[in-house]
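Peer 1: here you go, sequence then predicted model.
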Amino acid sequence: MPTKPEHLHRLEVPVIVELGHRTMRLREVMGLLPGAIIDLHRDAEEELELLINNQVIATGTAVKVGENFGIRLTAVGSADQRAQSMSVADETPGEDDAAALAEAFLSGQDI
């Protein structure tokens, strides 16, 4: 198997640690104020997911690193899985519809 060019190993990619997710009505999102708490319906002891290109490549637990948060990895996908996550992903179905809906809402159109 040929080795990958060294310059590819220097590329930077966005890394996301997902605490949780939920669906909210647009009305709820528009009503958010500083100090609001959003319940993520996830146990505080559950492992967090580390994502690249919206694909889980590892899991771990939250840790405090000085004054910051970090993640201690407990499971990591194979090198092939990690490399595959960096390929260009297909557009999320319905993404254009959601963008059009948000634009219409923000422009004051009746929805």
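Peer 2: Nice, I can see it.

Peer 1: okay, which residue is most central for the protein?
Peer 2: residue 16 (4.8 Å; Cα atoms, centre = their mean).

Peer 1: can you give me the strands in this protein?
Peer 2: Assigned by DSSP state E, the strands in the chain fall at 16-18, 48-52, 55-65, 68-76.

Peer 1: show me the one of those that comes nearest residue 40.
Peer 2: Ranking the strands of the chain by proximity to residue 40 (Cβ to Cβ) places strand 16-18 first, at 9.4 Å. From N, CA and C alone the C-beta is placed, and that goes for glycine too.

Peer 1: other SSEs contacting the closest one?
Peer 2: With contacts taken as 3 or more Cβ pairs under 8 Å, 6 or more residues apart in numbering; DSSP states H and E, strand 16-18 sits against strand 48-52.

Peer 1: quick check: angle from the strand it packs on to strand 55-65?
Peer 2: Calculated by axes from the mean of the first three to the mean of the last three Cα atoms, to 10 degrees, strand 48-52 forms an angle of 130 degrees with strand 55-65.

Peer 1: and strand 48-52, which strands flank it?
Peer 2: strand 16-18 (antiparallel), strand 55-65 (antiparallel) (DSSP bridges).

Peer 1: tabulate the CA atom coordinates of stretch 30-49 in PDB.
Peer 2: The C-alpha trace of stretch 30-49 is given here as PDB (Å, rounded to 0.1, in the frame of the first residue of the first chain):
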ATOM      1  CA  MET A  30     -36.500  32.400  18.400                       C
ATOM      2  CA  GLY A  31     -37.500  32.700  22.100                       C
ATOM      3  CA  LEU A  32     -34.100  31.800  23.500                       C
ATOM      4  CA  LEU A  33     -32.600  34.400  25.800                       C
ATOM      5  CA  PRO A  34     -29.300  34.500  27.700                       C
ATOM      6  CA  GLY A  35     -29.500  32.100  30.700                       C
ATOM      7  CA  ALA A  36     -31.900  29.700  29.000                       C
ATOM      8  CA  ILE A  37     -31.300  26.100  29.600                       C
ATOM      9  CA  ILE A  38     -31.800  23.500  26.900                       C
ATOM     10  CA  ASP A  39     -32.400  19.900  28.200                       C
ATOM     11  CA  LEU A  40     -30.400  17.600  25.900                       C
ATOM     12  CA  HIS A  41     -32.200  14.400  27.200                       C
ATOM     13  CA  ARG A  42     -28.800  12.700  27.800                       C
ATOM     14  CA  ASP A  43     -27.500  11.300  31.000                       C
ATOM     15  CA  ALA A  44     -24.600  13.300  32.300                       C
ATOM     16  CA  GLU A  45     -22.500  10.100  32.700                       C
ATOM     17  CA  GLU A  46     -23.100   9.000  29.100                       C
ATOM     18  CA  GLU A  47     -20.000   9.000  26.800                       C
ATOM     19  CA  LEU A  48     -19.600  11.900  24.500                       C
ATOM     20  CA  GLU A  49     -19.100  11.500  20.700                       C
END
